[in-house]
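S.K.: A predicted structure for the sequence below; I have some questions about it.
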Amino acid sequence: QKEVEQNSGPLSVPEGAIASLNCTYSDRVSQSFFWYRQYSGKSPELIMSIYSNGDKEDGRFTAQLNKASQYVSLLIRDSQPSDSATYLCAVNILTGGFKTIFGAGTRLFVKA
Amino acid sequence: GAGVSQTPSNKVTEKGKYVELRCDPISGHTALYWYRQSLGQGPEFLIYFQGTGAADDSGLPNDRFFAVRPEGSVSTLKIQRTERGDSAVYLCASSPTGSTDTQYFGPGTRLTVL
C-alpha cells in the first residue's frame, strides 16, 4: 500500500459544479495534511492545510479530514476553468522520522 | 519578500557526470526540503533539513545523492555519477519552522541526463 493514494483522474466537471478530490493515507500517527495545486510546468502551491477531524472552509475550498478512516478530501465549489490543474494531497509522516509524502495527484479539468 | 529560488533552472549533463543543484530558501526559514518530481507523479521526498542538520534523509535513493546546508540557509543537492534515471525536476521547499508548516516551493531545476 502506498503511503498516500489519490485517484489519478482525470476528473472532469462542468463550470460551476462541485469538484470532489479524495486521498487516503497509511500512517495512523500523521497529524498534518495538505492540499497543493500544481499547474502544468509550475511548482506546487498550498491550497489548504488541515490538522483536526472535520471540515475546514476557505472561500470556495473545503478540506475534510477523518483520521479514523485515514481519509482527507478537498471540495471545490463553483468550479472555474482556472481551477483546472493537478491537485496533490500531502501528509506529514512521523513514523521512522519526519517526511512529507505526496500522492501522485489528481488531474482536474473544469469545462467552460 | 523574495520566495524560494533555485539555480540553475535547467541542467543538461552527460551520464556519469557530477552535478550540483542550489536552493536559496526564504529568509529566516529554518526548515528546507528537497524533492524530485517525474512526469505524472507527485513530488518524491528526498531530504529534510532543520537548520544545518539533516533531520530525515531517508528519501535519498542511494549514496550518489548527498545534500548539505552548512550555514542553515542555502542548500546544495549533489549527485555523483549521474544516470539517465536521475532525470527529473528537482524541487526545493522551505517553511518557517518545519513540522506542521506550509511549505513554499521554488521553481525547480529540470535535470536532464543524456
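M.R.: Looks like it came in fine. Because the structure is predicted, anything quoted here is derived from the model rather than measured. Numbers count the residues shown, from 1 in each chain, chains lettered A, B, ... in the order given.
S.K.: use CA for all of it now, contacts and neighbours both
M.R.: OK.
S.K.: Look up phi and psi at the most far-flung residue of chain A relative to its centre.
M.R.: The centre of chain A is farthest from one residue, residue A:96, which by C-alpha atoms, centre = their mean lies 23.7 Å away. Dihedral pair for residue A:96: phi 80, psi 20, per degrees, to the nearest 10.
S.K.: For residue A:83, see how far away it is.
M.R.: 36 Å (C-alpha to C-alpha, to the nearest Å).
S.K.: got it, and residue A:50?
M.R.: In terms of C-alpha to C-alpha, residue A:50 sits 20 Å off from residue A:83.
S.K.: Could you tell me how many residues sit around the residue lying closest to residue B:71 once chain neighbours are set aside?
M.R.: Using C-alpha to C-alpha, 6 or more residues apart in numbering or on different chains and skipping the chain neighbours, the partner closest in space to residue B:71 is residue B:52 (5.9 Å). A count of nearby residues for residue B:52, using other C-alpha atoms under 10 Å in any protein chain shown, gives 17.
S.K.: confidence score at residue A:99?
M.R.: Note for residue A:99: predicted pLDDT of 88.
S.K.: burial measure for it, as a count.
M.R.: 22.
S.K.: My assumption is that residue A:82 lies in a strand; please confirm.
M.R.: No - applying DSSP: H, G, I helix; E, B strand; the rest coil, one finds residue A:82 to be helix, outside a strand.
S.K.: so the closest residue to it other than its chain neighbours bridges to which residues?
M.R.: Nearest non-adjacent residue to residue A:82, counting by C-alpha to C-alpha, 6+ apart: residue A:110, 7.7 Å away. On the basis of DSSP bridges, residue A:110 is bridged to residue A:13.
S.K.: I'd like the distance between residue A:110 and residue A:57.
M.R.: 21 Å.
S.K.: With neighbour numbers in mind, choose between these two.
M.R.: Higher neighbour count among residue A:110 and residue A:57: residue A:110, with 20 against 13, using other C-alpha under 10 Å.
S.K.: Hmm, residue A:78 and the more buried one touching each other?
M.R.: No - using C-alpha atoms under 8 Å, residue A:110 makes no contact with residue A:78, being 10.1 Å away.
S.K.: Output the lowest mean pLDDT helix or strand found in the chain.
M.R.: I'll assume chain A. The weakest-scoring helix or strand in chain A, judged by mean pLDDT, DSSP states H and E, is strand A:99-102 (a mean of 92).
S.K.: To clarify, I was referring to chain B.
M.R.: Across helices and strands of chain B (mean pLDDT, DSSP H and E), lowest is strand B:53-56: a mean of 92.
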